[in-house]
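Asker: Sequence plus the predicted model coming up.
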Amino acid sequence: MSEPAVAAMGVGPGTILVGKYRIERILGSGAMGTVFAALHEKLGRQVAIKVLNPELGSHREAMARFQREAETITRLGHPNIVAVYDFGTCPDGAPFFVMEVVTGETLRKRLERGPLTDDEIIALFAPILSATAAAHIKGIVHRDLKPENVMLVGRGGGTVVKLLDFGVAKIRGDEREEYKGEMNAGKLSALATAVGAMMGTPAYMSPEQIKATGEIDGRADIYSIGVMLYEAVTGERPFSGGSMASLLGAHLFETAEKPSERAKRLKLPRRAVDMARLDRVIERTLSKAREERYPDCLALRDDLDVVWGGLGLWKEAGVGHPVTTRPVRVQPERRGKKWALVLFPLLVCGVATGAWMFSRPANLHRYKSNSAPGLAMAVLEHGVRGSTADKRAVATAIEAVPQRPLLPLVTVLFKDENVPKRPLLLAAYAMGQTTDTDLKEQVATVAKNSVGVQAALAQAVRLRLGEKDAATVLDAAAASGNLPPEARLWAGLVLLQTGHAQLSAFVKLKDQLLRPGHSMPKVLRHSVFLELLKHKDATTEKQLWELGTAEPATAESVDALEVLGEAGRSEAETALRKLLDSKTEGEARTLAIMALARLGDDRVTNELCGLFRHETHRVHAVAAAGFLRSSSKIIREQLLPLISSSDAGLQTTAAAALLAIASKDSDVGGE
């Protein structure tokens, strides 16, 4: 800061504040205030004093925010958060507060030397999570977590982490209604220019902060920690851009490269941690939709501890004391063999006695306790009340085999913020009806809190469920060049399905977005083609037949024939049968078996059962079994043992397939 600026503040070296603090020098400055080094003359103690910048003195909201920062830090009292000792007012009326002096280097300076080591990450991020968790417990969201606001202080032979700058923190329940409506547009503009138009730093800002939704909670901080953790692991931030707009767009819509892949591409040294798990943890912190992130910092810390071998180091390092680095040992992942041996008998006993520890969702279909569907339902109910991983497996299984009897479970899973909403939305898209009131409420909540593709998909489901107000949103989404192609295509598709768009307009949109070489989820691609076939679009049908009959057979040709079969073109099923009869080997044959099963062809039952032992395709094959036209004793006998598998994905998918078969079976009934 320049000397004239200091003079304008009425504070500078030599100034004595409230008769006891002698200002010595400037330590730094920011949008809200300037920090000075000072001496408490009576106690002889070095302190830091933060003074509100003079240009903000006329803004009552800025004054209030500055005062709240002091109150916030005092309220927290955490060893990893800088302490506040005193408050006061400068001679010119500017408020100030007195803090402890923290000297060392910022996390930003450390990162400039490259990625952190495995044990450095524990030593630095465990205290960050501990401090942030303490703030969240007291209803305080930092909203500006970044490496510049993390100070690494050498003390006691180790490092103490100090979290700084709660200047833009949000305090739950403190809406300051007295300031609302008081400032005119000019003053608001000036304040925005002075302190930043958005609360937070763009490179570390969550999507909901960028959107300025007003509904910011602790999961915004978890997103920022995820960005910092990604940078600590790889040496680079997950998102970058040549302009502010491109950077913000990346946070809203782009998917970050896996940290392991980025590290490999940058030729970084191999880490002694479970990188596959670390990828999943960081990906979850960076979820665009906040309900898909960790619900709190301690849940994130516990998962990171598993990544580092499950030794409890993260909890130990998060208690606020100086932390020295130590070797990190990774324990091999424990396989659930014992669980697999005891699960099935426990399920049978549990269902037989009715001794479940939770109430079933209302309207959930009841099956005979000793029947295959009864045991299958028990597996899914167990998953819904189990761990987050169990719940996710159930959601994915229901998406793969969507059956109306499972709709109550979908509604329950929607309420769990730890369960990804995409598979649930796809299940709701497939089996939801306009009479499903509870489902409508849950999907509306997801739509409100989502961004990007998930927001478009949620609105698409709402329109499918009869919520006509979604049409306006989807119309804008389909026309938006800023949204990902997948989001725009979902919007256009459902508008066509519900009579809110013309076929010609959708075909134009499809031709623009669904081009060769452009990746698009299979379920969306199939839905697009099916809708066009329903509207008797000759061009689409011709293209699918040309692709489906091309030789040699490929995954794309099998896919095309399956779409035609779903649209009722019996010749497509005949073509798939000929593919099997020709003794074609390899991927195309495997895919043809599963395609025919999904089309309901019971003649592939034996071949499909053979795929249950195929390592790559077994889960997809099990899901396909749920689409066979009639009940098959062979299929049931093959699926039943799989519901005791230690693989949660295989277990829940087998259960969903058995329930699908139950709709054609005779052993369904009351318990």
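Answerer: Arrived safely, thanks for sending.
Asker: Tally up the residues packed near Pro91, please.
Answerer: Neighbour count of Pro91, defined by other CB atoms under 10 Å: 11. The way it works is simple: take the backbone N, C-alpha and C, and place the C-beta from them, glycine included.
Asker: ranges for the helices of the stretch 201-350 of the chain?
Answerer: All helices of the stretch 201-350 of the chain, identified by DSSP state H, counting those that start in this stretch, fall at 207-210, 218-234, 244-253, 259-265, 275-285, 297-307, 313-317, 337-353.
Asker: which of those sits most buried?
Answerer: Across the helices of the stretch 201-350 of the chain, averaging neighbours per residue (mean count of other CB atoms under 10 Å) puts helix 218-234 on top, at a mean of 25.
Asker: for it, packing partners?
Answerer: In terms of contacts (3 or more CB pairs under 8 Å, 6 or more residues apart in numbering; DSSP states H and E), helix 218-234 is packed against helix 107-111, helix 118-137, strand 140-141, helix 207-210, helix 259-265, helix 275-285, helix 297-307.
Asker: what about 6 Å?
Answerer: Contacts of helix 218-234 with other secondary structure elements, assessed using 3 or more CB pairs under 6 Å, 6 or more residues apart in numbering; DSSP states H and E, are made with helix 118-137, helix 259-265, helix 275-285.
Asker: could you redo the helices of the stretch 201-350 of the chain as JSON lines and give each row mean pLDDT and distance to Arg598?
Answerer: Shown next, in JSON lines, are the helices of the stretch 201-350 of the chain (pLDDT from 0 to 100; distance: least, CB to CB, whole Å):
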{"stretch": "helix 207-210", "mean pLDDT": "86", "distance to Arg598": "35"}
{"stretch": "helix 218-234", "mean pLDDT": "96", "distance to Arg598": "37"}
{"stretch": "helix 244-253", "mean pLDDT": "81", "distance to Arg598": "31"}
{"stretch": "helix 259-265", "mean pLDDT": "96", "distance to Arg598": "32"}
{"stretch": "helix 275-285", "mean pLDDT": "95", "distance to Arg598": "29"}
{"stretch": "helix 297-307", "mean pLDDT": "93", "distance to Arg598": "35"}
{"stretch": "helix 313-317", "mean pLDDT": "82", "distance to Arg598": "44"}
{"stretch": "helix 337-353", "mean pLDDT": "39", "distance to Arg598": "28"}
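Asker: closest to Arg569 out of these?
Answerer: Comparing the helices of the stretch 201-350 of the chain against Arg569 with CB to CB, the closest turns out to be helix 244-253 (36.3 Å).
Asker: Just the residues contacting that closest one, thanks.
Answerer: Applying CB atoms under 6 Å, 6 or more residues apart in numbering, the external contacts of helix 244-253 come out as Pro202, Pro207, Ile210, Phe239, Gly241, Val451, Gly452, Pro484.
Asker: Mind checking which of these are buried?
Answerer: The neighbour count (16 or more other CB atoms under 10 Å) marks Pro202, Pro207, Ile210, Phe239, Val451, Gly452, Pro484 as buried among the contacts of helix 244-253.
Asker: Tell me who's in contact with the second one.
Answerer: Shown in contact with Pro207 (CB under 6 Å, 6+ apart): His251, Leu252, Lys288, Val451.
Asker: and the second one, how far is that from Asp274?
Answerer: Pointing back at Leu252 there. The gap separating Leu252 from Asp274 is 30 Å, by CB to CB, to the nearest Å.
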